[in-house]
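In: Turn this into a model:
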Amino acid sequence: MRLALSLLAALVLTACTTHVRLLRLVKSPSDDPYVEALVQKADALRLHDQKQWLRLGHYRPGAFGGAVQSEADQHAFFVAEHGREDPRAELHATLRAFFEPAVEEPGIRTGGAPRHALCRFPARFMWLAETLAIDFARLPRQQCAPYIAFLQEIDPKAVSVVFSSYYLNNPASAFGHTFLRFTKARTLAVGEKRELLDYAVDFAADVDTGNAVVYAFRGLTGAFPGTAKRMPYYYKVRTYADFESRDMWEYELAFTPKQLLMLVAHIWEIGPTFFQYFYLSENCSYRINRLLEAANPDIDVVDSLDTPVLPADTVKVLFDNPGLVRSISYRPSLRTQFLRAAQELDSEEAEAVGELVHDPESPLSASWPQERRAKVLDAALDLHDMRHVEKITFERDSPEAKHKQRLLERRAAILIPTARLPVDPPVDRRPEIGHDAKRVGLAPGYRGWRGAADEPFMAFDFRLAMHDMADPALGFPELSAIEFLPTRLRLYPKEDGLRIRLDDFSIMQVVSLNPMHSFDHGLSWRLSAGAKTLERNGCHECFVGKLRVGGGATLAFAEDAIGVFVLVETAIYGGDLSGILEGPVRAGVGPYGGIRLRFDPRLIFVGTGELHWYPEQQDRVVWQGDGTLRWGFAEQHALSLESRIADHMLEAQLFYLAYL
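Out: As a prediction, this is how the structure comes out:
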């Protein structure tokens with residue numbers, strides 16, 4: 001604590017002592033023996049090879065042991081001409097720049113008149129000043145007013161990594177999201193209001209397109225610049241917990257005051273700098289963990305990550321560093337809070353809530369006590385918010401905003417404080433306890449055809465990321481699934497050798513089942529795009545492209561342990577088959593439905609059935625039933641008994657699955 005305060009005092013003294021416009025002249029660094037002695041001392045200590053310096057410069061070895069290079073992609077982040085590729089030259093140039101003549105404020109950090117290195121790189125200065133015992137009296141005096149204001153605004157007492165849960169309606173957040181929250185040291189607010197006054201730091205791609213295909217391509221290839229952004233924490237809560245109904249988990253880190261100061265200083269350093277944003281690797285969560293490493297050289301929270309880098313994985317690696325996570329807290333979404341309050345409503349109250357959301361002037365029973373009226377109005381306000389939060393927030397003159405205003409007026413007339421019901425943290429949904437994202441599997445299988453010889457086979461399973469509804473449920477949404485590059489391959493032994501068949505491949509498969517109840521009639525939906533081998537569906541064992549899209553309804557019981565769903569689905573196939581007008585495109589429509597039973601978080605059954613009608617095409621009616629019983633017998637291992645029945649065909653396979 002004393003060291004951190006002394007470093008901060010030294011920096012503030014260096015930065016803020018003078019406001020005069022007459023600048024003190026100092027010797028040119030090349031003529032200053034003291035500066036050159038510091039450079040020689042840095043070389044003797046090989047500071048350019050030390051972990052802290054490499055992390056502050058975001059240096060990493062190249063592929064296959066190639067030369068070191070920084071991940072920062074903007075020239076303004078470097079002092080030396082070739083500083084991006086040469087950490088030693090960058091360290092020398094930074095040291096010398098600290099002793100350059102003072103410059104007037106304000107400078108521009110991203111171009112034009114340069115801001116002094118003491119103001120541009122406070123984190124570098126903190127580390128070098130301590131390591132080399134720099135004499136502060138020899139430094140030029142600088143104002144650094146913008147940085148001091150930045151530091152005072154954040155005013156860090158603690159830092160937390162915040163995980164915002166999976167949101168399948170937004171491709172950029174389908175795998176979750178992480179960002180930093182800084183707890184303020186000094187504020188007059190208390191409770192939840194105090195928390196909302198904290199600051200959040202996010203890393204995100206600067207997207208300039210609304211086209212989903214262009215977004216996916218550019219996000220996968222690093223064509224978007226990614227930058228760090230600072231904003232009030234209430235903005236993130238409003239976006240995730242309210243707009244998108246996503247629960248949030250907060251992991252407070254055991255950072256010392258010195259490390260907190262270093263973290264804030266380094267965030268300032270990279271503020272105007274952009275990094276190539278890769279959706280599957282160098283993404284928001286990767287970059288947040290890089291910031292943590294730069295501030296705390298004693299932790300390793302990046303090198304153990306594999307591609308794809310998923311937000312849940314970047315939370316898991318925090319726990320690989322003993323003692324790093326100080327505490328865990330849970331912030332329920334607006335939807336979660338409302339559903340908890342709805343459990344306390346009787347049938348009359350629930351009906352009154354529905355009427356108030358439809359008409360804010362709807363009368364309440366004259367016989368009800370004030371407490372009951374307040375409870376109903378509070379629930380109606382939450383439900384109205386949940387359904388129209390964006391219009392209420394951004395369109396103040398909209399009918400939805402006026403509707404809420406009237407409800408607020410009626411609630412304000414009842415002089416009883418709102419009693420928020422506690423929401424118990426769903427500890428079995430914490431992201432760090434879930435299975436790993438990748439999956440590989442091997443299974444013996446058997447297929448029988450009516451009127452034909454039975455066929456044994458070996459099946460292989462691969463998935464790059466991350467979860468289907470039969471996988472162990474711990475750490476994941478109960479009735480949702482998203483898979484990236486799920487693939488099934490089969491080997492059939494033949495007299496003349498092995499026959500290899502790519503059974504099924506998807507670029508992405510998404511299932512979002514939304515249980516309906518009296519206050520939520522949202523649709524469930526399913527999407528699968530890729531390729532597969534068709535069995536007697538316009539051809540025999542044809543490998544064709546596929547697109548399947550469906551929507552419908554879901555009912556859930558026993559805290560979502562039982563889910564029943566019915567969807568209407570469109571299936572489109574393209575390739576060497578007999579389709580519409582004998583052409584290469586085959587299209588059908590029909591019901592798709594099933595049931596999911598969770599006997600235990602590690603023992604799950606999923607059964608599905610489909611019946612598709614292909615008008616004016618070969619094999620007009622095609623049906624199929626599938627069943628999967630999966631048992632996660634160990635933390636990252638499962639057995640999966642899977643069967644399928646279709647016209648004239650029955651098959652079964654027993655997979656061993658490993659999550660990696």
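In: where's residue 341, which helix or strand?
Out: Using DSSP states H and E, residue 341 falls within helix 334-342.
In: brain fart, residue 127
Out: Using DSSP H and E, the element containing residue 127 is helix 122-132.
In: Show me what that helix is packed against.
Out: helix 2-16, helix 33-44, helix 51-56, helix 87-98, helix 117-120, helix 257-270 (3 or more C-beta pairs under 8 Å, 6 or more residues apart in numbering; DSSP states H and E). In this view, the C-beta of every residue, glycine as well, is placed from N, C-alpha and C.
In: How far off centre is the next helix or strand after that helix?
Out: For helix 122-132, the following helix or strand on the C-terminal side (DSSP H and E) is helix 145-154. Distance of helix 145-154 from the chain centroid (C-alpha atoms, centre = their mean, to the nearest Å) equals 28 Å.
In: could you check the angle helix 122-132 makes with helix 145-154?
Out: 90 degrees (axes from the mean of the first three to the mean of the last three C-alpha atoms, to 10 degrees).
In: Output helix 145-154 as CSV, restricted to C-alpha atoms.
Out: Taking Å, rounded to 0.1, in the frame of the first residue of the first chain, the C-alpha atoms of helix 145-154 are listed here in CSV:
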residue,chain,number,x,y,z
ALA,A,145,-4.1,16.9,-16.6
PRO,A,146,-6.2,14.5,-18.8
TYR,A,147,-4.5,11.4,-17.2
ILE,A,148,-5.0,12.7,-13.7
ALA,A,149,-8.6,13.4,-14.4
PHE,A,150,-9.0,9.9,-15.8
LEU,A,151,-7.4,8.4,-12.7
GLN,A,152,-9.6,10.5,-10.4
GLU,A,153,-12.7,9.5,-12.3
ILE,A,154,-12.1,5.8,-12.0
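In: helix or strand right after it?
Out: strand 156-164.
In: In its sheet, which strands sit next to that next one, and in what direction?
Out: Paired strands of strand 156-164, with direction, are strand 177-184 (antiparallel), strand 248-253 (antiparallel) (DSSP bridges).
In: ok, back up a step: what are the contacting residues of the helix holding residue 341?
Out: In this structure, residues lying in contact with helix 334-342 by C-beta atoms under 8 Å, 6 or more residues apart in numbering are 241-242, 245, 247, 332, 350, 353, 375, 378-379, 382-383, 385-386, 389, 420-421, 423, 517, 519.
In: now stretch 353-365
Out: 342, 345, 348, 352, 373, 376-377, 379-380, 383-384, 387, 403, 406-407, 410, 518-519.
In: ok so, going back, pull the CA atoms of the helix holding residue 341 into CSV?
Out: Extracted C-alpha coordinates of helix 334-342, given in CSV (Å, rounded to 0.1, in the frame of the first residue of the first chain):
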residue,chain,number,x,y,z
LEU,A,334,-34.6,-7.6,-15.1
ARG,A,335,-36.3,-10.6,-16.5
THR,A,336,-34.9,-12.9,-13.7
GLN,A,337,-36.1,-10.3,-11.1
PHE,A,338,-39.5,-10.1,-12.5
LEU,A,339,-39.9,-13.9,-12.8
ARG,A,340,-38.9,-14.1,-9.1
ALA,A,341,-41.5,-11.5,-8.2
ALA,A,342,-44.2,-13.3,-10.3
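In: Check the offset of it from the chain's centre.
Out: Relative to where its chain is centred, helix 334-342 has its mean C-alpha point 23 Å off (C-alpha atoms, centre = their mean).
In: What average pLDDT does that helix get?
Out: The predicted model assigns helix 334-342 a mean pLDDT of 91.
In: And the residue most central in space within the chain, how far from residue 203?
Out: With distances taken as C-alpha atoms, centre = their mean, residue 177 lies nearest the centre of the chain, 1.8 Å away. Separation of residue 177 from residue 203 (C-beta to C-beta, to the nearest Å) stands at 10 Å.
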